[in-house]
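>>> Got a sequence here, can you model it:
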Amino acid sequence: MSDAPDMFDRIERALDGLRPYISSHKGSVEVIDFDTASGLLLVRLGGTCKGCAASTVTLKQGIETRLRTAVPEVRVVEAV
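Numbering: from 1, shown residues only. All right, here's what the predicted structure looks like:
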(Lines give C-alpha, C1' and ligand atoms only; values in the text may rest on other atoms or scores of the structure.)
Protein backbone atom coordinates (compact mmCIF):
# COMPACT_ATOMS: atom_id res chain seq x y z
CA MET A 1 0.00 0.00 0.00
CA SER A 2 1.14 3.52 -0.74
CA ASP A 3 2.23 5.87 1.98
CA ALA A 4 0.04 8.85 2.89
CA PRO A 5 2.01 11.60 1.08
CA ASP A 6 1.94 9.60 -2.15
CA MET A 7 -1.77 8.89 -1.72
CA PHE A 8 -2.61 12.57 -1.25
CA ASP A 9 -0.44 13.45 -4.24
CA ARG A 10 -2.31 10.95 -6.42
CA ILE A 11 -5.66 12.30 -5.19
CA GLU A 12 -4.60 15.91 -5.88
CA ARG A 13 -3.36 14.99 -9.39
CA ALA A 14 -6.69 13.33 -10.16
CA LEU A 15 -8.56 16.40 -8.89
CA ASP A 16 -6.31 18.67 -10.97
CA GLY A 17 -7.94 17.16 -14.05
CA LEU A 18 -11.36 18.28 -12.79
CA ARG A 19 -10.47 21.65 -11.32
CA PRO A 20 -10.57 23.59 -14.62
CA TYR A 21 -14.16 22.44 -15.19
CA ILE A 22 -15.17 23.20 -11.60
CA SER A 23 -13.40 26.60 -11.76
CA SER A 24 -15.18 27.45 -15.01
CA HIS A 25 -18.38 27.34 -12.97
CA LYS A 26 -16.75 29.48 -10.27
CA GLY A 27 -16.45 26.55 -7.87
CA SER A 28 -13.62 24.81 -6.06
CA VAL A 29 -12.80 21.50 -4.41
CA GLU A 30 -10.39 20.97 -1.51
CA VAL A 31 -9.23 17.70 0.06
CA ILE A 32 -9.95 17.63 3.79
CA ASP A 33 -9.07 14.07 4.85
CA PHE A 34 -8.73 10.50 3.62
CA ASP A 35 -9.34 7.37 5.68
CA THR A 36 -7.29 4.53 4.19
CA ALA A 37 -9.17 1.86 6.15
CA SER A 38 -12.62 2.74 4.76
CA GLY A 39 -11.56 4.45 1.52
CA LEU A 40 -13.56 7.55 2.50
CA LEU A 41 -12.32 10.84 1.06
CA LEU A 42 -13.70 14.04 2.56
CA VAL A 43 -13.69 17.14 0.38
CA ARG A 44 -14.93 20.69 0.77
CA LEU A 45 -16.75 22.23 -2.16
CA GLY A 46 -16.43 25.98 -2.34
CA GLY A 47 -17.42 28.93 -4.46
CA THR A 48 -20.65 28.44 -6.36
CA CYS A 49 -20.48 24.67 -5.69
CA LYS A 50 -21.30 25.31 -2.04
CA GLY A 51 -25.05 24.95 -1.76
CA CYS A 52 -25.59 24.41 -5.50
CA ALA A 53 -28.33 21.90 -6.35
CA ALA A 54 -26.05 20.26 -8.95
CA SER A 55 -23.16 19.85 -6.49
CA THR A 56 -24.31 16.33 -5.56
CA VAL A 57 -24.12 15.31 -9.22
CA THR A 58 -20.71 16.95 -9.56
CA LEU A 59 -19.53 15.19 -6.41
CA LYS A 60 -20.77 11.68 -7.22
CA GLN A 61 -20.69 11.50 -11.03
CA GLY A 62 -17.68 13.74 -11.55
CA ILE A 63 -15.32 13.76 -8.59
CA GLU A 64 -16.07 10.34 -7.10
CA THR A 65 -16.08 8.56 -10.47
CA ARG A 66 -12.78 10.13 -11.53
CA LEU A 67 -11.09 9.43 -8.20
CA ARG A 68 -12.27 5.82 -7.97
CA THR A 69 -10.70 5.22 -11.38
CA ALA A 70 -7.46 7.16 -10.82
CA VAL A 71 -6.94 6.19 -7.16
CA PRO A 72 -8.63 2.81 -6.53
CA GLU A 73 -8.07 3.14 -2.79
CA VAL A 74 -10.73 5.89 -2.82
CA ARG A 75 -14.08 4.15 -2.54
CA VAL A 76 -16.43 6.95 -1.45
CA VAL A 77 -16.24 10.74 -1.67
CA GLU A 78 -18.30 12.93 0.64
CA ALA A 79 -18.54 16.69 1.01
CA VAL A 80 -18.23 18.31 4.42
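
>>> Pull the number of nearby residues for Gly17.
10 (other Cβ atoms under 10 Å). Any C-beta I mention is one placed from the backbone N, CA and C, and that applies to glycine too.

>>> which stretches of the protein form helices?
Assigned by DSSP state H, the helices in the chain fall at 4-16, 19-24, 55-57, 65-70.

>>> and those helices, which one's lowest on average pLDDT?
If the helices of the chain are sorted by mean pLDDT, helix 55-57 sits at the bottom with a mean of 84.

>>> What is that helix packed up against?
On a contact count with 3 or more Cβ pairs under 8 Å, 6 or more residues apart in numbering; DSSP states H and E, helix 55-57 meets no helix or strand.

>>> Relative to the whole chain's centre, how far out is that helix?
The chain centroid and the centroid of helix 55-57 are separated by 12 Å, computed with Cα atoms, centre = their mean, to the nearest Å.

>>> Flag every buried residue along that helix.
Of the residues in helix 55-57, Ser55 count as buried by neighbour count, 16 or more other Cβ atoms under 10 Å.
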